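**Student:** for reference, the sequence and a predicted model appear below.
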Amino acid sequence: MHIHSMAGKCRGILCALAMVLLLASRSFAAVVVIDAGHGGHDQGTRWYGLSEKTLTLDVAKRVETILKRNGVTTVMTRRTDKFIPLETRAAVANRYRNALFVSIHFNSTRITAINGIETYYRSDRGRKVAYTIQQSLINKLSANNRGIKRAAYSVLRHTNGTAVLVECGFISNKSEANRCGSAAHRQKLAEAIARGIMRAR
């Protein structure tokens with residue numbers, strides 16, 4: 001085979017490979033669906049005057065603002081204090097072929113000494129995204145790292161694409177509740193979650 005012919009074929013293969021990689025990079029997380037946990041009559045956990053449903057919506061809106069500012073297409077499962085069934089939340093993400101679903105929550109336990117941040121996933125791809133978001137949160141906030149964990153939460157099970165659930169801290173812990181009650185802290189949470197999402201995409 002002539003050298004020029006071989007070079008032409010190699011260039012063709014490289015171009016095809018580059019196109020595949022480009023399409024693959026565009027196909028994942030074309031849309032980020034941000035899910036503010038709880039809402040309406042479902043208040044989530046409540047401690048020290050804080051309501052989870054209010055905290056999650058605040059952080060979710062902050063994440064949306066940051067992502068949109070960086071050119072990321074976003075969809076919110078709720079924008080107001082409204083109850084949304086779990087299956088409906090997943091269905092929002094399932095409307096899009098390659099959505100990344102990120103559900104935002106705050107944690108609690110009767111053992112009030114427990115604190116920290118953890119992120120849940122179900123699929124292999126979800127595991128990678130969960131790890132990226134979790135690391136971003138820990139690096140930004142220097143919080144207790146409770147790691148990433150596989151779980152079968154409804155929104156993770158029913159979402160067809162990649163889905164993760166972030167627990168932003170234990171509001172049953174007095175010290176952590178004080179931090180989570182601060183708008184400045186919630187802004188840091190949102191920045192870290194958004195950064196993790198963008199790195200994962």
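**Tutor:** Now that the structure is in, tell me what you want to look at. Residues are numbered from 1 along each chain as shown.
**Student:** can we go C-alpha only for contacts and neighbour counts from here?
**Tutor:** Fine.
**Student:** ok, and what's touching stretch 57-75?
**Tutor:** 30-37, 76, 78-81, 104, 186-187, 189-191, 193-194, 198 (C-alpha atoms under 8 Å, 6 or more residues apart in numbering).
**Student:** ok, now which ones touch the most centrally placed residue in the chain?
**Tutor:** Residue closest to the average C-alpha location in the chain (C-alpha atoms, centre = their mean): V102, at 3.1 Å. Counting by C-alpha under 8 Å, 6+ apart, V102 touches V32, V33, I34, D35, A163, V164, L165, V166.
**Student:** does it fall in a helix, a strand, or a coil region?
**Tutor:** Under the three-state scheme (DSSP: H, G, I helix; E, B strand; the rest coil), V102 adopts strand.
**Student:** still on that earlier bit, in strands, which of the contacts of V102 appear?
**Tutor:** V32, V33, I34, D35, A163, V164, L165, V166 (DSSP state E).
**Student:** coming back round to it: are any of the contacts of V102 buried, and if so which?
**Tutor:** V32, V33, I34, D35, A163, V164, L165, V166 (16 or more other C-alpha atoms under 10 Å).
**Student:** do you know how far the third one is from V59?
**Tutor:** For I34, the distance to V59 equals 10 Å [C-alpha to C-alpha, to the nearest Å].
**Student:** shared neighbours, those two?
**Tutor:** Common neighbours of I34 and V59 (C-alpha under 8 Å, 6+ apart) are I104.
**Student:** buried set for the helix or strand R157 falls within?
**Tutor:** Under the criterion of DSSP states H and E, R157 resides in helix 154-158. Using 16+ other C-alpha under 10 Å as the test for burial, helix 154-158 gives V155, L156, R157, H158.
**Student:** and those, which is closest to R97?
**Tutor:** H158 (14.2 Å; C-alpha to C-alpha).
**Student:** so where does the residue lying closest to the closest one once chain neighbours are set aside fall, helix or strand?
**Tutor:** Using C-alpha to C-alpha, 6 or more residues apart in numbering and skipping residues adjacent in sequence, the residue nearest H158 is A90, 5.7 Å away. Following DSSP H and E, one finds A90 within helix 86-94.
**Student:** just to revisit the earlier point, can you name every helix or strand that the helix holding R157 contacts?
**Tutor:** Other elements packing on helix 154-158 under the criterion 3 or more C-alpha pairs under 8 Å, 6 or more residues apart in numbering; DSSP states H and E are helix 86-94, strand 162-170.
**Student:** for the last one, what is the average pLDDT?
**Tutor:** Averaging pLDDT along strand 162-170 gives 98.
**Student:** so, low pLDDT: which residues of the protein?
**Tutor:** Applying pLDDT under 70 to the chain flags the ranges 1-29.
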